[in-house]
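Colleague: Could you look at this predicted model? Sequence included:
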Amino acid sequence: MEEKPKYLLVDSRVLPDVFCKVVYAKRLLAKGKARSSSEAAKMADISRSAFYKYKDCVYPYESQMGDSIATFSATLEDEPGVLAALIAELYRVGANILTVNQSIPVDGVAPVTVSARTMGVVMEDDELLGLLRAVPGVVEIRKLNSH
């Protein structure tokens, strides 16, 4: 007998509503809009038992998520507000900051790595890097990768 696949990618339009409602309930919990599983299930209009039955088996698939994460490596002047200005510029163009790692400044500059979801950014890499290089206090910046 052929072994069944462990995971399937299925269009949610052909699934019973309960699966989408479980995902919705999990999102309510994660965002703090529901205080408990019971409250999330009620808000999603499903039973608690349905929530508990499927909560560890149903996950949303974000089709573009893997292709939209970029990591930037920068050298910033050790001045107040430089990192905040860099992050603000990324936000302004539609990026969502995921991680920031800044090392201790040496010789007046600090190395920083920023990873951001860039799904909302509607410009080419060269244009984005040009905007980021123009932020006062950015000594150097380059894009390391894009997933």
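Modeller: In hand now; what should we look at?

Colleague: thinking residue 24 is in contact with residue 42, fair?
Modeller: No. Counting by C-beta atoms under 8 Å, residue 42 is not a contact partner of residue 24; they are 11.8 Å apart. Using the backbone N, CA and C atoms, a C-beta is placed for each residue, glycine as well.

Colleague: Flag the shaky bits of this protein, pLDDT-wise.
Modeller: 1, 62-67, 146-147 (pLDDT under 70).

Colleague: do that again at 50, thanks
Modeller: 64 (pLDDT under 50).

Colleague: all strands for it, in order.
Modeller: 69-77, 96-102, 109-117, 138-146 (DSSP state E).

Colleague: Enumerate the sheet neighbours of the shortest one, specifying parallel or antiparallel for every one.
Modeller: It refers to strand 96-102. strand 109-117 (antiparallel) (DSSP bridges).

Colleague: do the same with the first one
Modeller: Here strand 69-77 is paired, per DSSP bridges, with strand 109-117 (antiparallel), strand 138-146 (antiparallel).

Colleague: Determine which stretch of the ones you listed is the most buried.
Modeller: strand 109-117 (a mean of 19; mean count of other C-beta atoms under 10 Å).

Colleague: got a list of contacts for that strand?
Modeller: 65, 68-78, 83, 86-87, 90, 95-104, 139, 144 (C-beta atoms under 8 Å, 6 or more residues apart in numbering).

Colleague: tally of neighbours for residue 128?
Modeller: 22 (other C-beta atoms under 10 Å).
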